[in-house]
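> Sequence below, structure please.
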Amino acid sequence: MKVDKNLFKDGKNRYITQSLFLELGYNTDLAVYTLDGEDKVYKGKTYPSLKKRFLEMRDPEQYLFASEHLFDWGHWKRIRNNNLITPHVEEWEEELSALLRSEGIQTILEAADAGSYQAGKWLNDRGWEVKKAGRPSKADVNDAIEKEKKIKEDFGEDVTLLEAYRESK
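As a prediction, the model looks like this:
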């Protein structure tokens with residue numbers, strides 16, 4: 001699908017973001033895409049699904065996707081950072097990640113069926129499962145501290161009594 005890049009900027013040469021989407025735009029004349037997973041027809045005009053094109057491109061870095069379906073990389077960054085659009089894009093990214101992992105696992109299954117020892121071993125070891133190793137990240141440590149604070153706020157008196165009881169034994 002070839003897109004007219006002139007549709008992605010307004011009269012003042014600014015990127016169009018929210019108005020680019022049928023569901024979010026105040027002026028449907030500016031809308032180019034729909035946020036739905038399938039193309040949508042509205043008032044006789046077909047609006048292609050940007051989500052569908054995002055998944056079809058299978059571009060984890062999203063650069064080629066931005067170049068083909070939007071004005072440029074800067075336009076995609078503006079769209080991704082828009083508060084109303086961000087939740088949609090995050091969902092697309094999560095789905096793309098699952099799609100790519102699933103396709104990769106299917107390739108490994110095919111290799112195992114063809115007799116690949118390494119593929120069979122990887123499957124037997126459940127290689128698709130993420131295993132955390134090593135020292136916890138700062139974010140994990142901070143999350144644990146916050147949880148502990150919350151517990152102390154909610155159950156502080158009970159914890160104090162239990163600690164005093166434990167020390168008395």
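> Can you name the residues in contact with stretch 100-116?
With contact meaning Cβ atoms under 8 Å, 6 or more residues apart in numbering, stretch 100-116 is reached by 58, 60, 118-120, 122-123, 127-128. Every residue, glycine included, has its C-beta placed from N, CA and C.
> Kindly supply the ChimeraX command isolating those of those residues that are buried.
Typed into ChimeraX, the line below selects the buried ones among the contacts of stretch 100-116, using 16 or more other Cβ atoms under 10 Å:
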select :119,122,123
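> What about the contacts of stretch 100-116, which are in strands?
Using DSSP state E, no member of these sits in strands.
> for the lowest-mean-pLDDT helix or strand in the chain, packing partners?
Lowest mean confidence among the helices and strands of the chain (mean pLDDT, DSSP states H and E): helix 138-168, at a mean of 79. Applying 3 or more Cβ pairs under 8 Å, 6 or more residues apart in numbering; DSSP states H and E, we find helix 138-168 packed against no helix or strand.
> quick one: the helices in the chain?
Taking DSSP state H as the test, the helices found in the chain are 50-57, 63-69, 73-80, 86-113, 117-124, 138-168.
> Dump those helices into JSON lines; add distance to G44 as well.
Below are the helices of the chain laid out as JSON lines (distance: least, Cβ to Cβ, whole Å):
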{"stretch": "helix 50-57", "distance to G44": "20"}
{"stretch": "helix 63-69", "distance to G44": "23"}
{"stretch": "helix 73-80", "distance to G44": "26"}
{"stretch": "helix 86-113", "distance to G44": "25"}
{"stretch": "helix 117-124", "distance to G44": "51"}
{"stretch": "helix 138-168", "distance to G44": "50"}
